[in-house]
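> Coordinates only, no sequence provided:
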């Protein structure tokens, strides 16, 4: 019989976005189950995995969380899984306790960024201690970027001997056949967005619209007089903090050059349509959208923070900036807008960088080898 492998995530879309490729690749070697809180999107999880519904609330809820730990521990024990692997903070905490109680031989958590980085005082200490507990209860730890691993070791959250980064980083890597420059899609998508001028510059952001992602800074930068009139800002992602109704107030006369797409299963089409990718995020574990954009040939302007630093080669594939400075962001965008030749050169270098370091098939192979080594050691 094939070894049992259980992935645990809070919501199905995490599995869809990050794990489907791994599931397909690993399905010939493992009996795979995905545990998550069903919300309708579980139908998009790879058919090579069985599904189990366990309610894992995103926010801390002591009674609900204890129920989830109990239900997951029973499921893991009954299923006799050899490996349980969690992704995202809340799923990591629930799984660490349940896997320890069930005595699952190999227990792994994948660190993908820390909520507590932007907190202070008691809240910061409490959340950091929960991450320490997750690391302690698991038998192994993965981190999705080298600089994040260094940070977590420095903060005393994980140990050097128990933690590892797969290759150059990221959870899933990038399918560079899917994410690539595409002139035909570029023309069609720009028309859909109502941007007919082929010389117009589109500045793209893909992700959740909230403060931590740097959306405030990006909107402030775009509203400044520094940005040329024939430049458009395109935001793609769910509006978590009610920015869109406030666009007239936030952008003023620049609002006619603003476009918004609330959800897409095809971010690559908007990357193909755009000219510059921006991620002025205040915290990231790695920044998958950055390397997806690079694979599409876009130069990147991103925050100079751990995680993102591993996704951008400074002055080669993009530029790293102070994420809190709208003035610096605006002036950097203006430099990119004024230099199409330089943009093209950075975009080409970015695609080559992704093909060399972050190809999805290579990340999948590395995860398979990682599991094999752990199984040999049990």
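Sure thing, it's come through. All values derive from a computational prediction rather than experimental measurement. Numbers count the residues shown, from 1 in each chain.
> for this protein, which spans come out with low pLDDT?
For the chain, no stretch is flagged by pLDDT under 70.
> and it, what are its domains?
Split into domains by automatic domain parsing, the chain comes to 4-172+360-377, 183-357.
> and those as CSV, adding mean neighbour count?
Quick note: C-beta positions are derived from backbone N, CA and C, even for glycine. Formatted as CSV, the domains of the chain follow (neighbours: other CB atoms under 10 Å):
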stretch, mean neighbour count
domain 4-172+360-377, 19
domain 183-357, 19
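> I'd like to check which residues are in contact with residue 213.
205, 207, 279, 280, 281, 282 (CB atoms under 8 Å, 6 or more residues apart in numbering).
> Check whether the fifth one sits in a helix, strand or coil.
Applying DSSP: H, G, I helix; E, B strand; the rest coil to residue 281 yields a three-state assignment of coil.
> isn't it right next to residue 304, touching?
No. Under the criterion of CB atoms under 8 Å, residue 281 makes no contact with residue 304, lying 10.6 Å away.
> Which neighbours do those two have in common?
In contact with both residue 281 and residue 304: residue 323, using CB under 8 Å, 6+ apart.
> Let me have the contacts of residue 213 in TSV, adding distance to residue 222 as columns.
Shown next, in TSV, are these (distance: CB to CB, whole Å):
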residue	distance to residue 222
205	10
207	16
279	14
280	11
281	16
282	18
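> and of those, the nearest to residue 131?
For these, the minimum distance to residue 131 (CB to CB) is 17.9 Å, reached by residue 282.
> hang on, the closest one packs against residue 210?
No. Look at residue 282 against residue 210 with CB under 8 Å: they stay out of range, at 9.7 Å.
> which residues in the protein form strands?
4-8, 31-36, 50-53, 83-87, 106-111, 140-143, 163-164, 201-206, 231-236, 258-261, 276-279, 300-303, 318-321 (DSSP state E).
> Just tell me which of those strands ends up closest to residue 335.
Comparing the strands of the chain by CB to CB, strand 318-321 comes nearest, at 8.3 Å.
> for that closest one, packing partners?
Using 3 or more CB pairs under 8 Å, 6 or more residues apart in numbering; DSSP states H and E, the elements in contact with strand 318-321 are strand 300-303, helix 326-337.
> one more time with 10 Å
strand 276-279, helix 288-295, strand 300-303, helix 326-337, helix 340-357 (3 or more CB pairs under 10 Å, 6 or more residues apart in numbering; DSSP states H and E).
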